[in-house]
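A.B. asks: attaching a predicted model along with its sequence, questions to come.
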Amino acid sequence: MTMLTQRPAWRALEAHYQAIRGAHLRQLFADDPHRGERLVAEAAGLYFDYAKNRLTDETIGLLVALAEECGLRAKIDAMFRGERINTTEDRAVLHVALRAPRGAVIEVDGVNVVPEVHAVLDRMAAFAAQVRAGGWAGFTGKPIRNLVNIGIGGSDLGPVMAYEALKHYSDRHLTVRFVSNVDGSDFAEATRDLDPAETLFIVASKTFTTLETMTNARTARAWLLGALGDEAAVARHFVAVSTNAAEVAKFGIDTTNMFGFWDWVGGRYSMTSAIGLSTMVALGPERYRELLDGFHAMDEHFRTAPFASNLPALHGLLTIWYANFSGVETVAILPYDQYLKRFPAYLQQLTMESNGKSVTLAGTPVAYQTGPIYWGEPGTNGQHSFYQLIHQGTRLIVCDFIGFATTLNPLGNHHDLLMANMFAQAEALAFGKTAEEALAEGTPAWLAPHRTFAGNRPSNTILAARLTPATLGALTAFYEHSVFTQGVIWNINPFDQWGVELGKVLAGRIAPELAGEATPALAHDSSTNTLIRRYRALCGRT
Ligand code: F6P
């Protein structure tokens, strides 16, 4: 297989980058008055403006050629066909099957998985309807009013992101909380004002062995039994979401209260599996279906649209352009919607756990940068915090602005002000302010360098009519498939996460060294040994 950096399109992109690296967005827009109308694409309710990027039509042509040389089309087809493209775990990758309509056919090892997917969705819908109607009584007969999702990583970030994003559509009679951290403060704060008799825990874990989730689940059981005093209460107050029925049963949850999914769903790609149970209870089955339909619309767009007008493919290719040809190291996710406050955190796992890899599928070291660093905060808050560095710092940061035309909470002119700020930030980043312009405004010469904005700072803008379940689905699938596109070009596996293992193993070794009463023999490095001794001393365990 040709090495990525030897591919003709890669070579052409290197030469092309040298040719256009001096071009300023000011010039690119001046030379082409219709650029802002042309460098856009639209699908599944999302309008994607990528005109404010440092590129020309030739760049897009070369990036599309690179996608073709790397076999992106065949890889997309392989994913949708249920091939075992997660080679290091020998698994298919079929989160797209989770949102397929009832009649669709998607096979794994010759078996159509869509009927199984819908069977679980139907059970989830019946459960959600019962809880929402007050028909799921706790052990004492009181109806369930509080739902606590216990999970971490993909078993937390997707559900909490979706719950926060779609809170407007949720049943406000239900209190929905999320506990993820093994830090006991997370559990304590999430439950401190809840009545155990009215509280239902959803223990969400693909493996049902994750330290944090199992620790929190055991604490939840003790909290419940401390109040209700009878083991039989567990069946009325705990349900599980997992692929591991044996571990669920071992924990003491009746597997009739378990909602399953499959090994072909990766943790960070699982928010449309049964892991979305808390989302479905909060929103109701109909709204939840709208969310799945939004995902599906983007899945179909990604599967069928030509790359030059394919939103996730274009976005993924732009990420390659910056990461590999312009030396960009970070991407800021800037949603101009307070409901999307957890979206950057959700994307951090999706993007960085997927593409934070340094060997190819063949196990050889990559000779190029892979996944950039993702971070972000909702606007306008971020403007008063870190935007200074994006505007005038020494690093080039790509920004994704995300906004909606109508607000879910009309209040005076708040929304126009919010969106005016989003459009203004993208404009300021791209076009900046020259020293001449600063001087012409009356800025003294000595101050002009400080009040000059170089501009030429790239951004994408994603605009949709309204934040709805369907829009959120489309937006999330857009990023999922952008990540996939990047992984294909880099020839890495975006679906494994071996890099999280070592720390887990070492924590397992250190935990008993912290807890025991007698001073243990420590065999770590001198820094770790000293930290452990200091910790023990501070705890009075010397
Ligand atoms: O530690 C990383 C990870 O394996 C993630 O990939 C996953 O989303 C998370 O842990 C939680 O795993 P589980 O759902 O099995 O508890």
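C.D. replies: Happy to help now that I have it.
A.B. asks: in this protein, which spans are strands?
C.D. replies: Counting by DSSP state E, the chain has strands at residues 40-43, 46-49, 107-108, 111-112, 146-150, 175-179, 199-204, 238-242, 258-260, 330-335, 373-376, 397-406, 459-466.
A.B. asks: tell me which of those strands sits nearest to the ligand.
C.D. replies: With CB to the nearest ligand atom as the criterion, the ligand lies closest to strand 199-204 of the strands of the chain, at 6.7 Å. Quick note: C-beta positions are derived from backbone N, CA and C, even for glycine.
A.B. asks: run a quick neighbour tally on the residue nearest to Gly276 when sequence neighbours are not counted.
C.D. replies: Leaving aside its sequence neighbours, Gly276 sits nearest to Pro159 (CB to CB, 6 or more residues apart in numbering; 6.4 Å). For Pro159, the neighbour count with other CB atoms under 10 Å is 29.
A.B. asks: ok, now His391?
C.D. replies: Around His391 there are 18 other residues, counting by other CB under 10 Å.
A.B. asks: again with Leu334
C.D. replies: Number of residues near Leu334 (other CB under 10 Å) recorded here: 30.
A.B. asks: likewise the one 4 residues further on?
C.D. replies: Look at Gln338: counted by other CB under 10 Å, it has 17 neighbours.
A.B. asks: can you pull the pLDDT of it?
C.D. replies: What the model reports for Gln338 is a pLDDT of 98.
A.B. asks: please name the residues that touch the closest residue to it other than its chain neighbours.
C.D. replies: By the measure of CB to CB, 6+ apart, the closest residue to Gln338 outside its immediate chain neighbours is Pro378, 5.6 Å from it. Applying CB atoms under 8 Å, 6 or more residues apart in numbering, we find Pro378 in contact with Leu334, Pro335, Tyr336, Asp337, Gln338, Leu340, Lys341.
A.B. asks: same deal with Glu116?
C.D. replies: Counting by CB under 8 Å, 6+ apart, Glu116 has contacts Trp262.
A.B. asks: now it: how far from the ligand?
C.D. replies: Counting by CB to the nearest ligand atom, to the nearest Å, the separation of Glu116 from the ligand is 19 Å.
A.B. asks: is there any residue in stretch 253-265 that contacts the ligand?
C.D. replies: No: Stretch 253-265 lies apart from the ligand when judged by CB under 6 Å from any ligand atom; the minimum separation is 9.9 Å.
A.B. asks: got the CA positions of that stretch in CSV?
C.D. replies: Provided in CSV are the C-alpha atoms of stretch 253-265 (Å, rounded to 0.1, in the frame of the first residue of the first chain):
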residue,chain,number,x,y,z
ILE,A,253,-29.5,-6.4,38.4
ASP,A,254,-32.2,-8.7,37.0
THR,A,255,-31.4,-9.1,33.3
THR,A,256,-35.1,-8.5,32.5
ASN,A,257,-34.3,-5.0,33.5
MET,A,258,-31.3,-4.8,31.0
PHE,A,259,-31.3,-3.1,27.7
GLY,A,260,-28.6,-4.6,25.4
PHE,A,261,-26.4,-3.5,22.6
TRP,A,262,-23.7,-5.1,20.6
ASP,A,263,-19.9,-5.2,20.3
TRP,A,264,-20.1,-3.5,16.9
VAL,A,265,-21.1,-0.3,18.8
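A.B. asks: contacts for it, please.
C.D. replies: For stretch 253-265, contacts defined as CB under 8 Å, 6+ apart pick out 82, 89, 91-95, 97-98, 108, 113, 116, 120, 123-124, 127, 203, 206, 234-235, 238-243, 245, 248-249, 270, 273-275, 277.
A.B. asks: rewinding a little: turn the strands of the chain into TSV, including distance to Leu350 and mean pLDDT.
C.D. replies: Shown next, in TSV, are the strands of the chain (distance: least, CB to CB, whole Å; pLDDT from 0 to 100):
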stretch	distance to Leu350	mean pLDDT
strand 40-43	19	98
strand 46-49	17	98
strand 107-108	22	94
strand 111-112	27	96
strand 146-150	18	98
strand 175-179	17	98
strand 199-204	17	98
strand 238-242	19	97
strand 258-260	22	97
strand 330-335	10	98
strand 373-376	8	98
strand 397-406	13	98
strand 459-466	15	98
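A.B. asks: among those strands, which is nearest Glu501?
C.D. replies: Among these, the nearest to Glu501 by CB to CB is strand 238-242 (19.7 Å).
A.B. asks: in helices, which of the contacts of stretch 253-265 appear?
C.D. replies: Counting by DSSP state H, the part of the contacts of stretch 253-265 found in helices is Glu116, Val120, Arg123, Met124, Phe127, Val234, Ala235, Ala245, Val248, Ala249, Leu277.
A.B. asks: pull out the buried members of the residues you listed.
C.D. replies: Val120, Arg123, Met124, Phe127, Val234, Val248, Leu277 (16 or more other CB atoms under 10 Å).
A.B. asks: of those, list those near the ligand.
C.D. replies: By CB under 6 Å from any ligand atom, no member of these lies near the ligand.
A.B. asks: closest to the ligand out of those residues?
C.D. replies: Val248 (11.9 Å).
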